[in-house]
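Asker: Based on what follows, work out the 3D shape:
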Amino acid sequence: MKVPPEVVESRLERFMGVAAQAGLKLTHQRLVIYKELARTGEHPDAETLFRRVRKKVPTISRDTVYRTLWGLQELGLVETLGHPGRQVRFDANLDKHHHFVCTRCGKVEDVYAPEFDRLSPPGRVKKLGRVERIAVELRGVCADCAGKERVGRKGR
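Answerer: So this is what the prediction gives:
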């Protein structure tokens with residue numbers, strides 16, 4: 001899923017502003033990595049980004065992509081999603097949103113739902129620590145996988 005050009009441009013402006021404020025050099029490699037992430041709504045993992053970026057910068061190393069992504073995350077320019085022990089996915093969309101994750105193919109889609117944005121943690125959570133963000137993750141079977149299941153059943 002492609003992100004509209006004006007949204008990509010806005011993300012790039014934010015990236016350049018935050019990088020300048022943090023004293024981070026805007027290297028060609030960092031810019032290509034961030035642009036690749038900013039232009040997609042697919043929530044790619046680092047390995048997928050590495051393969052895509054390598055088509056544009058054949059000499060880039062896997063380590064550079066990984067270090068850049070984690071650096072972007074530390075600067076608050078991307079968010080990570082996924083469970084510990086599994087592939088971490090990266091998201092340049094910092095607008096308030098949630099996610100639908102297909103339990104069959106792993107596809108992740110953004111979900112904009114004001115009713116989820118209004119959720120507040122139960123009081124007992126205060127004992128655990130300070131909540132900084134609430135993110136809802138919906139899990140189920142995406143329309144593509146559900147369609148394949150229906151076709152598979154018809155063929156039996």
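Asker: can you pull out the helices in the chain?
Answerer: Assigned by DSSP state H, the helices in the chain fall at 5-22, 28-38, 46-56, 62-74, 114-117, 143-154.
Asker: Quick one, which of those helices gets closest to I134.
Answerer: Closest approach to I134 among these is made by helix 114-117 (7.7 Å; C-beta to C-beta). For every residue, glycine as well, the C-beta is placed using N, CA and C.
Asker: Y112 and A146, how far apart?
Answerer: Note on Y112: its distance to A146, by C-beta to C-beta, to the nearest Å, is 22 Å.
Asker: wait, what's in contact with the most centrally placed residue in the chain?
Answerer: Centroid check for the chain by C-alpha atoms, centre = their mean gives D91 as the closest residue, at 1.8 Å. Neighbouring residues of D91 by C-beta atoms under 8 Å, 6 or more residues apart in numbering: 43, 78-81.
Asker: Tell me what it is bridged to.
Answerer: Partner residues in beta bridges with D91, using DSSP bridges, are E79.
Asker: per-domain residue ranges of this structure.
Answerer: Listed by automatic domain parsing, the domain ranges of the chain are 5-91, 98-154.
Asker: ok now the last one, how far from the chain's centre?
Answerer: Relative to its parent chain, domain 98-154 has a centroid offset of 14 Å by C-alpha atoms, centre = their mean, to the nearest Å.
Asker: Return the member of the helices of the chain having the minimum mean pLDDT.
Answerer: Among the helices of the chain, helix 143-154 has the lowest mean pLDDT, at a mean of 78.
Asker: quick one on the thing from earlier: Y112 and A146 - which one has more neighbours?
Answerer: Shown here are Y112 and A146; by other C-beta atoms under 10 Å, A146 has more neighbours (13 against 10).
Asker: Now for that one: which residues touch it?
Answerer: Counting by C-beta under 8 Å, 6+ apart, A146 has no contacts.
Asker: thought P121 was touching V131?
Answerer: Yes: between P121 and V131 a contact is recorded at 4.8 Å, counting by C-beta atoms under 8 Å.
Asker: Skipping adjacent residues, who's closest to T64 in space?
Answerer: Of all residues not flanking T64 in the chain, Q29 sits nearest, at 5.8 Å (C-beta to C-beta, 6 or more residues apart in numbering).
Asker: er, V125 actually
Answerer: Closest residue in space to V125, ignoring its immediate chain neighbours: V131 at 6.1 Å, by C-beta to C-beta, 6+ apart.
Asker: okay, now the closest residue to G41 other than its chain neighbours: neighbour count?
Answerer: Excluding the flanking residues, the one nearest G41 by C-beta to C-beta, 6+ apart is M1, at 4.1 Å. Using other C-beta under 10 Å, M1 is surrounded by 9 other residues.
Asker: Many thanks, I have nothing further to ask.
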